[in-house]
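Asker: quick one, fold the following:
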Amino acid sequence: MAYYVYLLASKKYGTLYLGVTNSIIRRAYEHKGKVVAGFTKRYSVDRLVWYEIYDDPITAITREKELKKWRREWKIRLIEEKNPEWIDLYPQITA
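Answerer: Numbers count the residues shown, from 1 in each chain. Coordinates of the predicted model:
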């Protein structure tokens, strides 16, 4: 089973959200549909702009905790290394 660490954004350089999941498609769908009350629903953070894949949950959770300590500028740099236009990756992963 795969585990994902992901970043969502409200828009380019907008509000960021970092999470971990074992189903990136389901979780991104939940964020987009504002299914779960909370931070992403309140601030309309639903654009999947970056993710990494891991083979085990411990490694994924460890990476998420590491990234949560990062400065915002570092997270932006991480996004822009792979996705400089901040394109929503959700259509790509569901195709």
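
Asker: go through the helix or strand hosting residue 50 and flag the buried ones.
Answerer: Here residue 50 sits within strand 47-54, counting by DSSP states H and E. Across strand 47-54, burial judged by 16 or more other CB atoms under 10 Å covers 47, 48, 49, 50, 51, 52, 54. No exception for glycine: its C-beta is placed from N, CA and C like everyone else's.

Asker: ok, those residues vs residue 28, which is closest?
Answerer: Residue 28 has its nearest neighbour among these in residue 48, at 4.9 Å by CB to CB.

Asker: wait, the closest one touches residue 28, no?
Answerer: Yes. With contact defined as CB atoms under 8 Å, residue 48 reaches residue 28; the gap is 4.9 Å.

Asker: now for the two: what residues contact both?
Answerer: 6, 8, 90, 93 (CB atoms under 8 Å, 6 or more residues apart in numbering).

Asker: between these, which is closest to residue 58?
Answerer: Taking CB to CB as the measure, residue 58 lies nearest residue 6 of the shared contacts of residue 48 and residue 28, at 17.1 Å.

Asker: show me how far the strand or helix carrying that closest one is from its chain's centre.
Answerer: Taking DSSP H and E as the criterion, residue 6 maps to strand 3-9. Centroid separation for strand 3-9 versus its chain: 2 Å, with CA atoms, centre = their mean, to the nearest Å.

Asker: same thing with stretch 84-95?
Answerer: Averaging C-alpha positions (CA atoms, centre = their mean) puts stretch 84-95 11 Å from its chain's average.

Asker: what is the neighbour count of residue 61?
Answerer: Per other CB atoms under 10 Å, the neighbour tally for residue 61 reads 14.

Asker: for it, grab phi and psi.
Answerer: phi -70, psi -40 (degrees, to the nearest 10).

Asker: wait, it touches residue 20, no?
Answerer: Yes. If you go by CB under 8 Å, residue 61 and residue 20 touch, sitting 5.8 Å apart.

Asker: circling back: need the shared contacts of residue 48 and residue 28 in JSON lines with distance to residue 16, can you?
Answerer: JSON lines is the format used below for these (distance: CB to CB, whole Å):
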{"residue": "6", "distance to residue 16": "11"}
{"residue": "8", "distance to residue 16": "7"}
{"residue": "90", "distance to residue 16": "16"}
{"residue": "93", "distance to residue 16": "19"}
